[in-house]
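Peer 1: Fold the following, please.
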Amino acid sequence: MPSQLPQFTIRISPELLKKLRYIAEYNARSANREVEMLIRQHVQSFEDKHGEITFSEQSNHLK
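Peer 2: Predicted coordinates for the structure are as follows:
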């Protein structure tokens, strides 16, 4: 069953992608899960510094 999660495309150099896959394999994760983990860490770091990011029901921010 296909995932209903939004998809996000990124353009990176082949060398950087190979390094990301190497690190992901080392951590027993897929490259996708490795990137998701890094994004979560970045968001948490931002929120620790600037406060929680919240969106109202009526907000049109980045759907």
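
Peer 1: going forward, measure contacts between C-alpha atoms and count neighbours the same way
Peer 2: Will do.

Peer 1: what helix or strand does H42 sit in?
Peer 2: H42 is located in helix 31-50, with elements delineated by DSSP states H and E.

Peer 1: shaky segments in this structure?
Peer 2: For the chain, the stretches with pLDDT under 70 are 58-63.

Peer 1: chain center to the helix holding H42, what's the gap?
Peer 2: On the basis of C-alpha atoms, centre = their mean, to the nearest Å, helix 31-50 is displaced by 6 Å from the centre of the chain it belongs to.

Peer 1: Which neighbouring elements make contact with that helix?
Peer 2: helix 14-26 (3 or more C-alpha pairs under 8 Å, 6 or more residues apart in numbering; DSSP states H and E).

Peer 1: Tell me which residues of the helix it packs on come out buried.
Peer 2: Residues of helix 14-26 classed as buried under the neighbour-count rule (16 or more other C-alpha atoms under 10 Å) are 20-21, 24.

Peer 1: Export the residues you listed to a markdown table and append columns for distance to S45.
Peer 2: Written out in a markdown table, the entries for those read as follows (distance: C-alpha to C-alpha, whole Å):
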| residue | distance to S45 |
| --- | --- |
| L20 | 21 |
| R21 | 23 |
| A24 | 21 |
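
Peer 1: and of those, the nearest to R33?
Peer 2: Top of the list for closeness to R33, among those and by C-alpha to C-alpha, is A24 at 7.8 Å.

Peer 1: about what we covered before: ok, residues contacting the helix holding H42?
Peer 2: The contact list for helix 31-50 (C-alpha atoms under 8 Å, 6 or more residues apart in numbering) reads 20-21, 24-25, 53.

Peer 1: Among these, give me the pair with the biggest separation.
Peer 2: Greatest spacing in those, by C-alpha to C-alpha: E25 and I53 (31.1 Å).

Peer 1: how many neighbours does D48 have?
Peer 2: For D48, the tally of surrounding residues (other C-alpha atoms under 10 Å) stands at 10.

Peer 1: what's the distance between it and I12?
Peer 2: Relative to I12, D48 is positioned 28 Å away (criterion: C-alpha to C-alpha, to the nearest Å).
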